[in-house]
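Asks: heads up, no residue letters with this:
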């Protein structure tokens, strides 16, 4: 995934079991997980805060939530995928950004 000209390490979670697990029971790492298809996530059972971004099928970042604590449910109409990672400081996605997936040109 490209973020402001920087390439960010990511993992696509496309199967139902992968999307349901998300970051649950994982140790904090530097990977962004892209849940596809997805428009609704929760943080029940999470031990660490998350950064969550809702993204349209065209790659437009619709809404971003930083440092989301446990026991939250977030959803966004119009989203077709969700990027999630263990929360950390620094730049990340912002509403209005566009992500590109695929091989570099």
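Replies: Yep, it's here. Quantities reported herein were computed from a predicted structural model and do not represent experimental measurements.
Asks: if I look at the spatially most central residue of the chain, how far off is residue 31?
Replies: Central residue of the chain (CA atoms, centre = their mean): residue 83, 1.4 Å from the mean position. Using CB to CB, to the nearest Å, one obtains 11 Å as the distance from residue 83 to residue 31. Every residue, glycine included, has its C-beta placed from N, CA and C.
Asks: can you list residues touching both of the two?
Replies: In terms of CB atoms under 8 Å, 6 or more residues apart in numbering, residue 83 and residue 31 are both contacted by the residues residue 10.
Asks: worst-scoring helix or strand of this structure, pLDDT-wise?
Replies: strand 2-3 (a mean of 56; mean pLDDT, DSSP states H and E).
Asks: Need the single longest strand in the chain, by residues.
Replies: In the chain, assigned by DSSP state E, the strand with the most residues is strand 61-68.
Asks: What are the boundaries of the helices in the chain?
Replies: Taking DSSP state H as the test, the helices found in the chain are 16-21.
Asks: can you list the weak-confidence ranges in it?
Replies: Applying pLDDT under 70 to the chain flags the ranges 1-8, 102-105.
Asks: Now do the strands in it.
Replies: For the chain, the strands defined by DSSP E occupy 2-3, 6-7, 10-13, 32-35, 40-42, 50-55, 61-68, 73-75, 81-86.
Asks: Please convert the ones you listed to TSV, extending it with distance to residue 94.
Replies: Compiled in TSV, these are given as follows (distance: least, CB to CB, whole Å):
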stretch	distance to residue 94
strand 2-3	10
strand 6-7	14
strand 10-13	17
strand 32-35	14
strand 40-42	18
strand 50-55	9
strand 61-68	6
strand 73-75	16
strand 81-86	12
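Asks: hey, which of those is tucked in deepest?
Replies: Mean neighbour count (mean count of other CB atoms under 10 Å) peaks for strand 50-55 among these, with a mean of 24.
Asks: strands paired with that strand, and their directions?
Replies: Strand pairing for strand 50-55, determined by DSSP bridges: strand 61-68 (antiparallel), strand 81-86 (antiparallel).
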